[in-house]
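Enquirer: Take a look and give me a structure for this.
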Amino acid sequence: MTLKVGLLVGREWSFPPAFIEEVNSRDEGVIAEYVKLGGTRMAEPNEYAVIIDRISHEVPYYRSYLKNAVLQGVTVINNPFMWTADDKFFDASLATELGVASPKTVVLPNKDYVPGIVHPDSLRNLIAPLDWQGLIDYLGLPCVLKDAHGGGWKEVYICHTIEELIRNYDRSGLLTMIVQEFIEWDHYIRCLCLGQEEILPIKYDPKERRYHVEHEHMSPELGQRVVEDSLKLVRALGYDMNTVEWAVRDGVPYAIDFMNPAPDMDIYSLTPFYFGWAVKHMADMAIRLAQEPRPQVKELKWSTMFGV
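Expert: Residues are numbered from 1 along each chain as shown. Now for the predicted structure:
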């Protein structure tokens, strides 16, 4: 019987066809194709052994479909139950719990709320105004304000004064924001993490948002720590497809961002060298999980996922 791998994608153009071609060229009894949906019935049997999810964070119907698929025994990359619950403040707390270096982080009350929220009544548990000076005393300046649920460097502000922090917060609208200690880094690394086993540390410039093909960019000691700490994080989160970003200060790698369950895999972003690696190893993982299922229903208890 031929096993099927389904792919849910958005606007990306280079990774999806390359991945499908790579899987289908292997002749291993597994084929890949785009998932086609038009409404999903309860308990509807699913034709896929594995589904690669690249877009459900932007299409809520896809997330509902994927949760149902997990109940039908499909392995979804990444687990939609974890992804729904994940946010950057939780990630920072998890890193600390795991003993992984991470910037000091504070999650803030929303600036604005949906209609129907009556501020004096609905928000009676909130202290107002915020103690901005207390936050700065804890975090220091500059600090980084960012969307707790965002990605792709959107809604990220480096604030050098308390006035700049408040001004950017006042524009955040309905977003839930976190504010973090700014790590003055001398080296920056983005790790592509696949299958909770493979870690590819790549030299990255967040200012240019560009990868550098430079293989000897870490000492053996730094490389070992980055790989080991990346594995701790993705295994705790249960993510088979993620990137973990490390800002290195005085030889210590700080986990800056690791809520990237649909990482950018465009050929121009990754460079052709790392793009080829990503396509091959994503195909390896998808075929392996199709042939050797790892039922995710067993992972739905958070204590199991976090190793408690």
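
Enquirer: Report the buried residues of stretch 278-286.
Expert: 278-279, 281-286 (16 or more other Cβ atoms under 10 Å). For glycine as for every other residue, the C-beta is placed from the backbone atoms N, C-alpha and C.

Enquirer: Output those residues in a markdown table, with distance to Ile31 appended to each entry.
Expert: As requested, those are exported to a markdown table (distance: Cβ to Cβ, whole Å):
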| residue | distance to Ile31 |
| --- | --- |
| Ala278 | 20 |
| Val279 | 16 |
| His281 | 18 |
| Met282 | 15 |
| Ala283 | 11 |
| Asp284 | 15 |
| Met285 | 16 |
| Ala286 | 11 |
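
Enquirer: Would you tell me which one of those residues comes nearest to Leu8?
Expert: Using Cβ to Cβ, Ala286 comes nearest to Leu8 of those, at 12.8 Å.

Enquirer: quick revisit: would CSV of the buried residues of stretch 278-286 with pLDDT be doable?
Expert: Formatted as CSV, the buried residues of stretch 278-286 follow (pLDDT from 0 to 100):
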residue, pLDDT
Ala278, 98
Val279, 98
His281, 98
Met282, 98
Ala283, 98
Asp284, 98
Met285, 98
Ala286, 98
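
Enquirer: could I get the residues you listed as CSV with secondary structure?
Expert: CSV is the format used below for the buried residues of stretch 278-286 (DSSP: H, G, I helix; E, B strand; the rest coil):
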residue, secondary structure
Ala278, helix
Val279, helix
His281, helix
Met282, helix
Ala283, helix
Asp284, helix
Met285, helix
Ala286, helix
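
Enquirer: Just give me the closest of those residues to Pro45.
Expert: Ala286 (20.3 Å).

Enquirer: Surely that closest one and Asp53 touch.
Expert: No - judged on Cβ atoms under 8 Å, Ala286 makes no contact with Asp53 at a distance of 11.9 Å.

Enquirer: what is in contact with these two at once?
Expert: Overlap of the contact sets of Ala286 and Asp53 (by Cβ atoms under 8 Å, 6 or more residues apart in numbering) consists of Ile77.

Enquirer: Stretch 22-34: how far from the chain's middle?
Expert: From the chain centre to the centre of stretch 22-34 is a distance of 26 Å (Cα atoms, centre = their mean, to the nearest Å).

Enquirer: Just the residues contacting it, thanks.
Expert: Stretch 22-34 has contacts (Cβ under 8 Å, 6+ apart) with 1-9, 16, 19-20, 49, 279-280, 282-283, 286-287, 290-291.

Enquirer: Flag every buried residue along stretch 291-300.
Expert: Gln296.

Enquirer: I'd like the mean pLDDT over that stretch, please.
Expert: For stretch 291-300, the mean pLDDT works out to 78.

Enquirer: Please export the C-alpha coordinates of that stretch as CSV.
Expert: Coordinates of each C-alpha in stretch 291-300 appear next as CSV, following Å, rounded to 0.1, in the frame of the first residue of the first chain:
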residue,chain,number,x,y,z
GLN,A,291,6.5,4.2,7.6
GLU,A,292,7.0,4.2,11.3
PRO,A,293,4.1,6.1,12.8
ARG,A,294,4.4,8.0,16.0
PRO,A,295,0.8,8.5,17.2
GLN,A,296,0.5,12.0,18.6
VAL,A,297,-2.6,11.3,20.6
LYS,A,298,-0.3,9.9,23.3
GLU,A,299,1.4,13.3,23.4
LEU,A,300,-1.7,15.3,24.3
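
Enquirer: switch to numbering from 694
Expert: With 694 as the first residue, the last one maps to stretch 984-993.

Enquirer: tell me the domain boundaries of the chain?
Expert: Listed domain ranges for the chain are 696-777, 780-794+877-953, 797-874 (source: automatic domain parsing).

Enquirer: among these, which is nearest Gln989?
Expert: Proximity to Gln989 (Cβ to Cβ) singles out domain 696-777 among these, at 5.0 Å.

Enquirer: That closest one: end-to-end distance?
Expert: Taking Cα to Cα, to the nearest Å as the measure, domain 696-777 stretches 27 Å from start to finish.

Enquirer: ok, how many other residues are close to the closest residue to Leu816 other than its chain neighbours?
Expert: Nearest non-adjacent residue to Leu816, counting by Cβ to Cβ, 6 or more residues apart in numbering: Ile810, 6.9 Å away. By the criterion of other Cβ atoms under 10 Å, Ile810 has 11 neighbours.

Enquirer: Ile810 and Leu963, how far apart?
Expert: As judged by Cβ to Cβ, to the nearest Å, Ile810 and Leu963 stand 42 Å apart.

Enquirer: Okay, strands next: where are they in this protein?
Expert: 696-701, 723-727, 743-746, 768-770, 798-800, 836-840, 849-852, 870-874, 880-887, 891-898, 903-905, 934-942, 945-950 (DSSP state E).
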